[in-house]
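K.L.:
Task: produce atomic coordinates for the following.
(2 chains)
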Amino acid sequence: MDYNFNNIEKKWQKYWEDNKTFKTPDDLTNPKKCYILDMFPYPSGAGLHVGHPEGYTATDIYSRYKRMKGFNVLHPMGWDAFGLPAEQYAIQTGTHPSITTKNNCDTFRRQIKELGLSYDWDREINTTDPKYFRWTQWIFIRLYNTWFDDTIQKGRPISELQVPDDIRKKGPAETVKYIDSRRLAYYDNAQVWWCPNCRIVCANEEVLNDGSHEKCGHRVEKKNLKQWMLRIPLYAERLLKGIDTVDWPEGIKDMQRNWIGRSTGAEVDFSVEGLAEKLTVFTTRPDTLFGATYMVIAPEHPMTGQITVKEHADAVNDYIKASSLKSDLDRTDLAKEKTGVFTGRYAINPVNNKRIPIWIADYVLTGYGTGAIMAVPAHDTRDFEFAKKFNLPVICIQDPDVQDSEQKARILEGNECWTEDGKYINSSDKSTGIDINGLNKEAGIQKIIKWLESRNLGTARINYKLRDWLFSRQRYWGEPFPVIHWEDGEISLLDDKELPLMLPDLEKYLPGDSGESPLSNADMWLTVTDAKGRKGRRETNTMPQWAGSCWYYLRFIDPKNDQLIFDHEKEKYWMPVDLYIGGAEHAVLHLLYSRFWHKVLFDLGIVSTDEPYMKLFNQGMILAFAYETETGMKIPADQVVEKEGKFYHGEGGPLLRQIVAKMSKSLKNVVNPDDVTSKYGADSLRLYEMFMGPLDVTKPWDDKGVKGVFNFLGRTCRFFGSLENIYEGPEDPEVLKGLHHLIKKAEGDIENLRFNTAISAMMIFLNLATKKGKVSHDTACQFAKVLAPFAPHLAEELWQILGNKNTLAYEPWPVYNEEYLKEDNFEYPVSFNGKMRFSILLPVSMSKEEITKAVLADDRAKKWLGGSAPSNIIVVPNRIVNIVVKN
RNA sequence: GCCCGGAUGGUGGAAUGGUAGACACGCAGGACUUAAAAUCCUGUGACCAUAACGGUUGUGCGGGUUCAAGUCCCGCUCCGGGUACCA
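P.N.:
A predicted model of the protein is given here:
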């Protein structure tokens, strides 16, 4: 039978759709459940990219396999469809973003369906659908009404928050202020990055290192705006601990840990000459207090005004102004050159009562720790650079653990910085009574913290890099906040019954002039009046794109529920997600934000698991070949001519180098999945994406490679689709062995997401079957089953040709029989001194002694021994023989 | 700078410490064909050698552990990703 993939694929896609083959039954009685999730895409106007099907095919193979293993499988797909491109298109053309979004979703859906992916389309969700974002708003209300109880490390309803009496006495305004200060969501002024080009606020994460906006490349500025923020750092410890409980790649776990950035140390209070107020610093090295020769506070520190003495005020103000104008670019570029200014004032070092100068410098950040540091130039490289530049004293207080005596001398003299361990010197003071001389780092830190705490000078402290999450955007195309700002200053949230709060239709989508979102133009929508006639204005910010993707996996469980966010019995059954596959670019933000929301929902009893995603896997990026000249100039792929395996810039042009690069329009090396499916079919595309290499590595796309799997499918079709190759009766032992070997291999490989080697095993079996010329009907059916998760269209077709009536999507996965895999003989490689010289076929049952005897009796062994006696013989049964000869 | 990966034929890649290069592409030769495409068969790391056998060498570089190292340990080089003065 010819391999007519077009007919076969259309036929089976229609069959699956008509029969709702992959509709997940709402059967909560099957104890074997498996929730297999893809990171749902943002449906861009460009359509599907070959990177998308990589992860989708992997989860599809896994899903189909699990169904055949008798699992109840939840495998849904949806759209993360809020986002800027549709809004910018609306600004340009006046087309409502919902129309653009719908069109893009339709394209994506069509393309995905053409790949034969076994999604339950009845569960399709769309973050822009009011029936969906109603619940996103609902979760926001929960966040607003939750506080974090540090003592039990748990989020609790705000109604359970005890307001201290001294605050209650100050009146209702102070009480509200106190309560607001504990909510997980709060509204406050925040200095944010502002992109003048897009006229939107950008999250820190969206600003690139060079100070440009990730989306448009324009330089961003700082701007003060009222913003919604989420107190994610309160969950830092929980987020950190949870990482240890999930089956994720270690690299991703590390990235999350680093992002949370826990560091232990101490807060130390320094008294300031002439001021009542103390200056508090955070340090991870309180043990180096004796080496603190100056202090630095951030330019944005609230005490800069008080600390700066008159004579230095001008210089300080100039410096603060200058640094406030700096973008990240400047701060990074100037990282090599430290800047700073002296305030004229001195602090007192608590360990020895010495006066040390207070400086202002922008290498100290306002958002981390207390925004102030004690500088220990002898043992911190940044402080060292600064001290050298401004001629501040460097006092070495640790005898370094180094051999090099010259280096040791330089360190002791304060001419080189030492950040490793060593025994303390110069670290005692009679007047204060502290002495850590002779101790090493760990003991020194313990002793100093104890001392500080006993004197109320400081306290042990844990700090996190993780910052509050800026949770609002000045955009139209996002979830509206269910929030009203009343004229008397009160903020109130909508009642659950009033959800969803819809987006108003607009004439124009341009942002408001002051940086407000386009919603500020929607007068009718904007103003509200309560029963008492009080006027209010709706929140004009909308939520960031993260909001919808933070919890979508939960809605898939019960996507059409109008009464509840989801049915709780269903949630208990399906959660957690068993396998989650997506790109590593979401390793930190999406996964961290999503885990945070999930933990809040868990604390409130809305979900039943502490972590949402049990096993995570990141597919590698798919790159493409690109071409460059000797000098490294990139040449678009359409100008390249291939001749005898070499590449030239045009006919007769200069020789080019083939390199591997990201697919890009400028390099003209973008591969469109539609082109691949029209030429080779969806099964070939699927198979090639999996055959290219391990799922998690980045790998280049090679059109020639598709041919390999296409050939395999063609040969499969011609062999198993031709009934003259199939007979009724017992199977040949060699074929039987090959088949069961394949079943075992494919099963293990699918479980471990090693699809490339599973496909190779199928090719090996096909080669064997072709060589034999005929296989039994049973063998053919088993093979179709193994093929089914990978190339489902062709597998269904073969299954039908072989006389079966139903879809094989739910046929039981074949069981391999170890009996068939048993070998009578093993071909022993015989090495001499580790070098393989010849092999010898021996029965597997042979004892070590017999093997030794048989090998030594062989003429070839005699040749390699050359008359001398072996000094050692290592026999590993069914593996190897190694003979050691001394010469 | 720091953190995390990676380096194996012409190419993508395979290999529980135990026969390096499975499988596939490409290439070469052959069959079929008037011819081409498609398909099928054979060969294919490099080097030396041969009528045939065979041998040497080989997993980025330098050391080490081991009977045995692509795999484990130490020290580098290069490439990719993440991150940016986090006290």
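K.L.:
Please count neighbours and contacts with C-alpha atoms only from this point.
P.N.:
Fine.
K.L.:
for RNA strand B, what are the nearby residues on the stretch 251-400 of chain A?
P.N.:
Residues of the stretch 251-400 of chain A lying near RNA strand B by C-alpha under 7 Å from any atom of the strand: A:251-252, A:254-255, A:261, A:263, A:265, A:282-285, A:298, A:331-332, A:334-336, A:338, A:362-375, A:382.
K.L.:
Can you tell me which of these are buried?
P.N.:
Buried members of those, scored by 16 or more other C-alpha atoms under 10 Å, are A:252, A:265, A:282-285, A:298, A:331, A:338, A:362-366, A:369-375, A:382.
K.L.:
give me every residue that touches the closest residue to RNA strand B within the stretch 151-300 of chain A.
P.N.:
Closest contact between the stretch 151-300 of chain A and RNA strand B, by C-alpha to the nearest atom of the strand, is at A:T283 (2.7 Å). A:T283 sits next to A:G265, A:A266, A:E267, A:V268, A:I373, A:M374 when contact means C-alpha atoms under 8 Å, 6 or more residues apart in numbering.
K.L.:
Restricted to strands, list those.
P.N.:
In strands, judged by DSSP state E, the following of the contacts of A:T283 are found: A:G265, A:A266, A:E267, A:V268, A:I373, A:M374.
K.L.:
mind putting the residues you listed in a markdown table, distance to A:F40 included?
P.N.:
Converted to a markdown table, the ones in strands among the contacts of A:T283 look like this (distance: C-alpha to C-alpha, whole Å):
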| residue | distance to A:F40 |
| --- | --- |
| A:G265 | 41 |
| A:A266 | 43 |
| A:E267 | 44 |
| A:V268 | 47 |
| A:I373 | 44 |
| A:M374 | 47 |
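K.L.:
Which residue ranges make up the domains of chain A?
P.N.:
Domain assignment for chain A by automatic domain parsing gives A:1-31+A:662-818, A:32-138+A:547-619, A:263-463, A:622-659, A:823-884.
K.L.:
In the fourth one, which residues are buried?
P.N.:
For domain A:622-659, a neighbour-count test (16+ other C-alpha under 10 Å) marks A:622-628, A:634-637, A:640-641, A:647-649, A:655-657 as buried.
K.L.:
Could you tell me the end-to-end distance of that domain?
P.N.:
14 Å (C-alpha to C-alpha, to the nearest Å).
K.L.:
what separates it from the chain centre, distance-wise?
P.N.:
Counting by C-alpha atoms, centre = their mean, to the nearest Å, domain A:622-659 is centred 34 Å from the centre of its parent chain.
K.L.:
What of the last one?
P.N.:
Between the centre of domain A:823-884 and the centre of its chain there are 51 Å (C-alpha atoms, centre = their mean).
K.L.:
Count the residues that sit near A:R718.
P.N.:
Other residues lying near A:R718 total 16 when counted by other C-alpha atoms under 10 Å.
K.L.:
actually A:D399, not the one I typed
P.N.:
Per other C-alpha under 10 Å, the neighbour tally for A:D399 reads 19.
K.L.:
and the most centrally placed residue in chain A, what is it in contact with?
P.N.:
Residue closest to the mean C-alpha point of chain A, counted by C-alpha atoms, centre = their mean, is A:A587 at 1.0 Å. Residues near A:A587 by C-alpha under 8 Å, 6+ apart: A:I252, A:M255, A:Q256.
K.L.:
Take the residues you listed and keep only those in strands.
P.N.:
With strands defined by DSSP E, no entry of the contacts of A:A587 lies inside them.
K.L.:
Quick one: those as CSV, columns for pLDDT too.
P.N.:
Formatted as CSV, the contacts of A:A587 follow (pLDDT from 0 to 100):
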residue, pLDDT
A:I252, 87
A:M255, 86
A:Q256, 90
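K.L.:
List the residues that contact A:M614.
P.N.:
Contact partners of A:M614, counting by C-alpha under 8 Å, 6+ apart, are A:V246, A:D247, A:W248, A:P576, A:V577, A:D578, A:L579, A:Y580.
K.L.:
unless I'm mixing things up, the fourth one is touching A:T609, no?
P.N.:
Translated: A:P576. Yes: assessed by C-alpha atoms under 8 Å, A:P576 is found in contact with A:T609 at 6.6 Å.
K.L.:
Who has more neighbours out of the two?
P.N.:
Comparing A:P576 with A:T609 by other C-alpha under 10 Å, the one with more neighbours is A:P576, at 22 against 17.
K.L.:
residues in contact with the more buried one?
P.N.:
By C-alpha under 8 Å, 6+ apart, the residues touching A:P576 are A:Y35, A:T609, A:E611, A:P612, A:Y613, A:M614.
K.L.:
need the helices for the stretch 201-350 of chain A, in chain order.
P.N.:
A:236-243, A:250-260, A:304-307, A:313-325, A:328-333 (DSSP state H, counting those that start in this stretch).
K.L.:
which helices and strands does the longest one pack with?
P.N.:
When you say that, I think you mean helix A:313-325. With contacts taken as 3 or more C-alpha pairs under 8 Å, 6 or more residues apart in numbering; DSSP states H and E, helix A:313-325 sits against strand A:341-348.
K.L.:
If you count contacts, what does whichever helix or strand comes after the strand it packs on end up packed against?
P.N.:
Next in sequence after strand A:341-348, counting helices and strands by DSSP states H and E, comes strand A:355-360. For strand A:355-360, the elements it packs on are strand A:294-297, strand A:341-348, judged by 3+ C-alpha pairs under 8 Å, 6+ apart.
K.L.:
mind listing what strand A:355-360 pairs with, with the direction of each?
P.N.:
Strand pairing for strand A:355-360, using DSSP bridges, gives strand A:294-297 (parallel), strand A:341-348 (antiparallel).
K.L.:
Report the distance from it to the chain centre.
P.N.:
42 Å.
K.L.:
Quick one: mean pLDDT for it?
P.N.:
The average pLDDT within strand A:355-360 is 95.
K.L.:
what angle do that strand and helix A:313-325 make?
P.N.:
50 degrees (axes from the mean of the first three to the mean of the last three C-alpha atoms, to 10 degrees).
K.L.:
wait, which of the contacts of A:T283 is closest to A:K572?
P.N.:
Nearest to A:K572 out of these is A:G265 (C-alpha to C-alpha; 40.5 Å).
K.L.:
Which residues are in contact with the nearest residue to that closest one once chain neighbours are set aside?
P.N.:
Nearest in space to A:G265, with sequence neighbours left out and distances taken as C-alpha to C-alpha, 6 or more residues apart in numbering, is A:T284 at 3.9 Å. Contacts for A:T284 (C-alpha under 8 Å, 6+ apart) come out as A:S263, A:T264, A:G265, A:A266.
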